[in-house]
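**Student:** Coordinates for the following, if possible.
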Amino acid sequence: MEMENVEPKPMTGSVPRVRVEFYGLARQRAGCAGVSVEAATLGAALLAVEAQCPELRPTRNGAPSPEYLLSIGGTRFTADLTASLTDGDCLLILGADAGG
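**Tutor:** All right, here's what the predicted structure looks like:
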């Protein structure tokens with residue numbers, strides 16, 4: 001599958017442009033390898049992802065879905081919806097079963 005819309009584009013205003021990549025179950029459900037969104041927080045990014053890929057359902061009852069692990073930059077995992085994002089960040093959404 002080709003990665004769709006993952007190259008960061010110039011910011012429109014003050015909201016960071018974030019690349020979101022899907023792996024495992026997340027990629028299967030999204031139907032693509034990734035998207036780009038404008039979001040200043042993890043929570044805003046997940047809402048934007050859900051708008052583009054509704055079958056992914058990255059949140060449940062206002063919290064990150066337990067089906068997924070979330071990593072900002074591939075170096076820190078978090079479920080904190082208030083975690084800040086900066087322009088050019090990469091958010092990874094992985095199936096919670098990734099790696100066995």
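
**Student:** Run the chain-centre distance for the longest helix seen in the chain.
**Tutor:** If you go by DSSP state H, the chain has its longest helix at helix 42-52. Remark: helix 42-52 is offset 7 Å from the chain centroid, using C-alpha atoms, centre = their mean, to the nearest Å.

**Student:** Rounded mean pLDDT for the helix or strand just after that helix, please.
**Tutor:** Tracing the chain C-terminally past helix 42-52 and defining elements by DSSP states H and E, one meets strand 59-60 next. Taken as a whole, strand 59-60 has a mean pLDDT of 92.

**Student:** partners of strand 59-60, with directions?
**Tutor:** Here strand 59-60 has these sheet partners by DSSP bridges: strand 63-64 (antiparallel).

**Student:** Tell me which residues are up against stretch 56-63.
**Tutor:** Outside stretch 56-63, the residues within contact range by C-beta atoms under 8 Å, 6 or more residues apart in numbering are 22, 26, 29-30, 43, 46-47, 49-50, 64-66, 68, 70, 79, 81, 93. The C-beta positions use only the backbone N, C-alpha and C, and glycine is treated the same way.

**Student:** Which of the residues you listed are buried, as a PyMOL select command?
**Tutor:** With 16 or more other C-beta atoms under 10 Å as the criterion, this PyMOL line picks the buried residues out of the contacts of stretch 56-63:
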select buried, resi 22+26+29+30+43+46+49+50+64+65+68+70+81+93
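
**Student:** returning to what we had before: what mean pLDDT does the longest helix of the chain get?
**Tutor:** Average pLDDT, helix 42-52: 97.

**Student:** pLDDT weak spots in the protein?
**Tutor:** The chain contains residues with pLDDT under 70 at 1-13, 98-100.

**Student:** Let me see the contact set for the residue most central in space within it.
**Tutor:** When C-alpha atoms, centre = their mean is applied to the chain, the residue found nearest the centroid is Val20 (4.2 Å). Contacts for Val20 (C-beta under 8 Å, 6+ apart) come out as 6, 34-37, 45, 49, 90-93.
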